[in-house]
Structures are given as structure tokens and as C-alpha cells.
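Undergrad: Take this sequence and fold it.
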Amino acid sequence: MTASTAPPRQRAAPRLAVAVLVAALAGFATLQALRGPPVAHASALPPPPPVAVLRVAALGDPIALAQLATLYLQAFDHQPGISIPFRELDYARVTAWLEAALALDPASHYPLLLAAQVYSQVPDTARQEAMLEFVARQFAADPERRWRWLAHAAIVARHRLGNLPLALRYAGALQNVRSAPSWARQMHVLLLADMGEREAAQVLLGGLLASGVVTDPRETRFLLERLETADAPKNRHR
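TA: Okay, here's the model as predicted:
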């Protein structure tokens with residue numbers, strides 16, 4: 001074996017990580033096609049492979065693997081015809097999958113969108129706080145690009161958790177972000193104003209769409225749907 005030739009086990013391990021993700025998604029789709037009417041079932045979410053393994057497994061295309069990771073995560077609660085309460089998911093593992101996706105594609109906003117706008121909706125304070133703190137940690141790593149999701153976290157903390165000190169802490173972190181528009185830098189004023197959740201959501205979501213900072217079609221579609229929801233009467237959350 002030459003110095004440039006990797007041992008078979010080292011070559012096989014990264015490929016196995018990709019194979020596990022692909023096989024899991026393919027198997028899920030096959031089962032859905034073969035079984036009868038769906039029955040609600042909460043699958044045990046496994047931990048993601050180590051990020052170091054995923055980087056090698058990406059084979060030069062980490063963005064594609066990051067997207068595959070988020071699809072794999074969402075397969076546990078976005079199953080056709082099945083409603084799985086978020087509170088049945090292991091949120092430590094949810095966080096690990098989101099962190100892995102961001103590590104593969106740091107420019108992506110989608111993992112932060114999922115944390116701020118999807119997984120934070122569970123009616124469980126501990127899980128909500130876990131998602132908000134995930135957003136806050138990721139914001140601190142790249143404030144100039146990730147400020148918008150901390151703004152969402154501030155609104156969730158204020159209106160869903162009723163935790164004004166936490167919301168103001170998040171808002172305070174936004175005040176010196178140069179790339180953020182004035183409404184985001186003045187988020188503390190928005191939080192202290194006598195404004196309901198829907199009105200605040202309309203300001204935030206409308207501002208994001210109007211600013212053009214969101215370019216990914218999935219993110220744009222998601223924000224439009226959220227804006228329509230904010231315009232409608234408040235729905236019950238899962």
C-alpha cells in the first residue's frame with residue numbers, strides 16, 4: 001500500500017455515512033408507497049454521523065449533503081398523512097442534525113429557519129428554549145448573516161414563552177449588527193410596544209421578504225406561507 005492509498009476501512013466509513021442517509025430516505029419512501037393508510041408513529045431519531053465524517057462523505061459537495069441532512073430530519077415529522085407531535089422528538093438530536101447541516105453549509109439559512117419557525121412551535125418550554133438558544137449560538141458565530149433568525153427568536157421568546165428578559169437579551173444582541181436594517185436593530189422597541197404576536201410577525205416576515213435577503217426558494221415559500229398564516233386567525237400549534 002502506498003502512502004497516498006487510504007486503508008479500505010477509511011474509504012468505506014465516509015461512504016457509509018452517505019449510504020445511511022440515502023438508504024433511510026429511500027426506505028422511508030418505499031414503505032410509504034407499500035403500506036396502507038398511514039398511522040401516526042414517532043420514529044426514534046438517531047444522532048447524525050460525526051461532522052468530520054460528513055465532510056469527507058460529501059465528496060466535494062457539502063451543500064448537497066447538508067440539504068439531504070435537513071430532508072432526513074424533516075422526514076420524521078413531515079410524513080404524508082401523519083402528524084407526529086414535535087414533543088415526541090429528541091430535541092438534543094434535532095439540534096445535532098441542525099448543527100451538522102450548518103457545519104456543512106454555513107451560508108445556508110434553512111437550518112436556522114427550521115429552528116426559529118418550525119421546531120420552536122412545540123408546546124414545551126424546554127424544547128422551545130433549546131431551539132432559541134441554538135439560534136442564539138449560531139447567530140453569535142456569524143451575526144452579519146444570521147441576525148434575522150435571532151429576531152425571530154426574540155419574537156418567539158416574547159410571545160410564546162412570555163419571557164421578556166430573554167427576548168430583550170436577543171434584541172440587545174441585534175443593536176450593533178451593521179448589516180441588519182433599522183427595524184431589527186430597534187427590535188427592543190418592537191418587543192416593548194403593545195403589539196400582538198400576529199402584528200409582530202407581520203413586521204418581521206414582511207421585512208425579510210421586502211429586503212431581498214432571503215433568496216433560497218424554499219425559504220421564500222416558507223416565509224410567504226408564514227405571512228399568510230399571520231394574516232389569518234391564530235391556529236393551534238402542534
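Undergrad: low-confidence ranges in this protein?
TA: For the chain, applying pLDDT under 70 flags the ranges 1-43, 77-85, 193-216, 218-220, 222-238.
Undergrad: Show me the domain layout of it.
TA: Following automatic domain parsing, the chain resolves into domains at 14-107, 109-232.
Undergrad: Which stretches in the chain count as helices?
TA: Secondary structure of the chain (DSSP state H): helices at 8-34, 51-57, 62-74, 91-104, 110-117, 125-141, 143-159, 164-174, 182-185, 187-192, 197-211, 217-231.
Undergrad: Residue 116: how many residues sit nearby?
TA: Using other Cβ atoms under 10 Å, residue 116 is surrounded by 24 other residues. Every residue, glycine included, has its C-beta placed from N, CA and C.
Undergrad: Please apply the same query to residue 57.
TA: Residue 57 has 20 neighbours, counted by other Cβ under 10 Å.
Undergrad: and if you look at the one 4 residues further on?
TA: Other residues near residue 61 number 11, with proximity taken as other Cβ under 10 Å.
Undergrad: Over to it: give its phi and psi.
TA: Main-chain dihedrals, residue 61, degrees, to the nearest 10: phi -130, psi 70.
Undergrad: From residue 114, how far off is residue 100?
TA: 13 Å (Cβ to Cβ, to the nearest Å).
Undergrad: Do I have it right that residue 111 meets residue 98?
TA: Yes - contact status for residue 111 versus residue 98: in contact at 4.3 Å, counting by Cβ atoms under 8 Å.
Undergrad: shared neighbours, the two?
TA: Shared contacts of residue 111 and residue 98 (Cβ atoms under 8 Å, 6 or more residues apart in numbering): residue 70.
Undergrad: Neighbour count for the two, which is higher?
TA: residue 111 (27 against 24).
Undergrad: any idea how far residue 126 is from residue 133?
TA: Counting by Cβ to Cβ, the gap from residue 133 to residue 126 is 11 Å.
Undergrad: more neighbours, these two?
TA: Neighbour count, other Cβ under 10 Å: between residue 133 and residue 126, residue 133 has more, with 15 against 9.
Undergrad: could you measure the more buried one against residue 153, distance?
TA: According to Cβ to Cβ, residue 133 stands 9 Å off from residue 153.
Undergrad: Over to residue 170?
TA: Taking Cβ to Cβ, one finds residue 170 at 5 Å from residue 153.
Undergrad: Mutual contacts of these two, please.
TA: Residues within reach of residue 170 and of residue 153 at once, by Cβ under 8 Å, 6+ apart, are 132, 136.
Undergrad: and those two? which has more neighbours close in?
TA: Taking neighbours as other Cβ under 10 Å, residue 170 and residue 153 compare with residue 153 leading, 29 against 26.
Undergrad: Now for that one: which residues touch it?
TA: Counting by Cβ under 8 Å, 6+ apart, residue 153 touches 116, 120, 131, 132, 135, 136, 139, 170.
Undergrad: now it: how far from residue 180?
TA: The gap separating residue 153 from residue 180 is 14 Å, by Cβ to Cβ.
Undergrad: Spatially nearest residue to residue 176 (excluding sequence neighbours)?
TA: Once flanking residues are discounted, residue 176 sits nearest to residue 185: 7.8 Å by Cβ to Cβ, 6 or more residues apart in numbering.
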